[in-house]
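>>> Coordinates for the following, if possible.
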Amino acid sequence: MQKKLSHIDESGNATMVDVSQKLASVRTAIASGLIKFPTAVFKSLSDQDFVGKKGSIVQTAVIAGIQGVKKTSELIPLCHQINLSKINVEIEPVTDAFQITCTVKCTEKTGVEMEALTGVSIAALTIYDMCKALSQDIVISAIQLEQKTGGKNDFQR
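Numbers count the residues shown, from 1 in each chain. You can find the predicted model right below:
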């Protein structure tokens with residue numbers, strides 16, 4: 001079986017996948033990412049309970065991640081607009097970093113991997129924006145799909 005890119009037609013042009021013949025099913029995706037800080041900056045943030053001049057860093061990033069999930073089809077040109085059933089963004093402090101996890105669920109004809117990845121990305125960018133006055137040596141990394149269920153193929157990292 002030879003795999004091919006689903007968003008490129010026979011002529012090499014970008015195209016949206018036709019999902020009209022697919023059956024709706026429950027679909028879930030979980031993505032994760034990491035935003036790492038210099039040790040002194042993270043300690044300073046931790047000492048302030050992760051509240052900066054702009055407010056709660058974590059809660060602001062959670063809300064931004066949820067908004068990002070909802071806007072995915074506007075940000076990524078070939079994504080379908082879908083009705084979402086559940087969005088959960090979790091941000092946990094780890095050693096000099098925040099671990100971000102975004103879980104998205106729907107009952108649709110296409111999956112929510114891009115939505116989960118977008119949620120993580122927007123949450124991480126929001127944290128960066130809120131903390132950049134302390135340091136530009138903040139690194140966003142390891143944004144990846146952890147799991148997807150529903151549709152033709154399930155995936156587990």
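>>> contact partners of the least confident helix or strand in the chain by mean pLDDT?
Among the helical and strand segments of the chain, the one scoring lowest on mean pLDDT, DSSP states H and E is strand 51-52, with a mean of 84. With contact meaning C-beta atoms under 8 Å, 6 or more residues apart in numbering, strand 51-52 is reached by Leu45, Ile57, Met130, Cys131. Yep, even glycine has a C-beta here, placed from its N, CA and C like the rest.
>>> Just the ones of those in helices?
Those of the contacts of strand 51-52 mapping onto helices are Leu45, Ile57, Met130, Cys131, per DSSP state H.
>>> any chance of the residues you listed in TSV, with neighbour count and pLDDT too?
Listed next are those as TSV, based on neighbours: other C-beta atoms under 10 Å; pLDDT from 0 to 100:
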residue	neighbour count	pLDDT
Leu45	22	95
Ile57	21	96
Met130	22	93
Cys131	22	94
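>>> Most widely separated two among the residues you listed?
Maximum pairwise distance in those, criterion C-beta to C-beta, is 9.5 Å, between Leu45 and Met130.
>>> Next one: Gln21 from Lys109, what distance?
9 Å (C-beta to C-beta, to the nearest Å).
>>> Would you mind telling me which of these two has more residues around it?
The neighbour count for Gln21 versus Lys109, taken as other C-beta atoms under 10 Å, is higher for Lys109 (18 against 6).
>>> show me the residues around the more buried one that make contact.
Val19, Ser20, Lys22, Leu23, Ala24, Ser25, His80.
>>> So the third one, which state does it fall into?
So the one you mean is Lys22. Of the three states, Lys22 takes coil under DSSP: H, G, I helix; E, B strand; the rest coil.
>>> do you know how far it is from Thr72?
Applying C-beta to C-beta to Lys22 and Thr72 gives a distance of 19 Å.
>>> Kindly report the same for the last one.
Here His80 is placed at a distance of 9 Å from Thr72 (C-beta to C-beta).
>>> can you check Gln81 too?
9 Å.
>>> joint contacts of these two?
Among the neighbours of Gln81, none is also in contact with Thr72 (C-beta under 8 Å, 6+ apart).
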